[in-house]
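> show me the folded form of this:
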Amino acid sequence: MIIVYLDEFGHCGPYFSKTHSKHNTSPIFGLGGMLLPEDAVRPFSTFFLKQKEYLLAEDIKNSGKQAYEWEKKGTNLFTAKSIEKYPDIKSTAFRMLSKVADLDGKVFFYGCEKIKNREDLNSNGLYKTILSECLRRIDTYCNEIDERFFVVMDQHSAHKELLETAAKTMFGSEPTRNMVSPPFECKSHLNQNIQAADWIATLVGRVGNYAFDQNGFQNYEKYFIFFKDRLEKNSMNSRIMPRLEKKSLEKQYKSVGSFGQILQDALDKKSQSSKISSRK
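Below is the predicted model:
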């Protein structure tokens, strides 16, 4: 059995630009996290709790709570400056991703670049589409390895409509036959693995925001440098889909990896800039 932990990255509402007065959160939206074999669930949970206790000891102490009932959201931990200012944060994230691989788990994410400059974006429709595609991609992987799976999501994320979407995906005309149940909801502050999924999803979001709007999210460049390859290395059926012509997608993704063509463009630009600087 494979247990899947998913959380949101980006934002499912409208996006105009980083400098827009209202719609400035993220050019992308998706779900990300990790897949763990059932015998890795408790070992990873124990590992993550110990990492959290070490990294955030002062915060936990000041909260007046036990470490197992306290959480730090990824968006608050992985700020623009934190991985440079506090090296232990970056090291802990590296260890977390390595531990997923060591336990035969997989990083997973799927999302898309949103339509820009439109206030009438259908947020619920986008969320449901992303969730359904995530379940299909995980089902394909589990079919390949001859395993079944179920999904755990943060309680605030799995609304009634989303659970209905999951049930439809599970039992509809093209059913996800390896999925044993619609997603389970949990309280994230009491589940170490969903907290880890939140951290992974945040890292994906940081990398993706920079990739899809480099001018607006220049302060996330270090996330792109430090985590892009690490996230892709152990990922499974993972993509952030750019808004490109359908017929060109398959060819481009095969050559450039999980984050899409725009990431390759970013690397090319950085390489060209480095060459120009070195000549001056």
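> going by C-alpha atoms from here, please, whenever you check contacts or count neighbours.
Noted.
> and stretch 155-169, what's its mean pLDDT?
Taken as a whole, stretch 155-169 has a mean pLDDT of 75.
> hmm, I was thinking of stretch 222-239
If you average the pLDDT over stretch 222-239, you get 94.
> buried residues in that stretch, which are they?
For stretch 222-239, burial by neighbour count (16 or more other CA atoms under 10 Å) applies to 222-224, 227-228, 231-232, 234-239.
> which of the three states applies to the residue nearest to residue 15 when sequence neighbours are not counted?
Spatially, and ignoring its direct neighbours in sequence, residue 15 is nearest to residue 23 (4.8 Å; CA to CA, 6 or more residues apart in numbering). Following DSSP: H, G, I helix; E, B strand; the rest coil, the label given to residue 23 is coil.
> could you pull up phi and psi at residue 23?
phi -100, psi 80 (degrees, to the nearest 10).
> quick check: the gap between it and residue 237.
30 Å (CA to CA, to the nearest Å).
> ditto for residue 26
In this view, residue 26 and residue 237 are 23 Å apart by CA to CA.
> again with residue 217
26 Å.
> could you do residue 66 as well?
Residue 66 sits 36 Å away from residue 237, going by CA to CA.
> hmm, back to that, quick check: the residue nearest to residue 15 touching residue 16?
Yes: using CA atoms under 8 Å, residue 23 is in contact with residue 16, at 5.6 Å.
> which residues in the stretch 151-280 of the chain form strands?
In the stretch 151-280 of the chain, the strands defined using DSSP state E, counting those that start in this stretch lie at 184-186, 239-241.
> quick one: mean pLDDT for the first one?
Meaning strand 184-186. Per-residue pLDDT over strand 184-186 has a mean of 85.
> what does stretch 88-99 give?
97.
> same check on stretch 5-14?
pLDDT averaged over stretch 5-14 gives 90.
> and it, how far out from the chain middle?
The chain centre lies 8 Å from the centre of stretch 5-14; the measure is CA atoms, centre = their mean, to the nearest Å.
> ok, stretch 59-68 next?
Distance, centroid of stretch 59-68 to centroid of chain: 26 Å (CA atoms, centre = their mean).
> how about it: buried residues?
Result for stretch 59-68 [16+ other CA under 10 Å]: buried residues 59, 60, 67, 68.
> same thing with stretch 94-106?
Counting neighbours by 16+ other CA under 10 Å, the buried set in stretch 94-106 is 96, 97, 99, 100, 101, 105, 106.
> wait, isn't residue 193 in contact with residue 48?
Yes: with contact defined as CA under 8 Å, residue 193 reaches residue 48; the gap is 7.5 Å.
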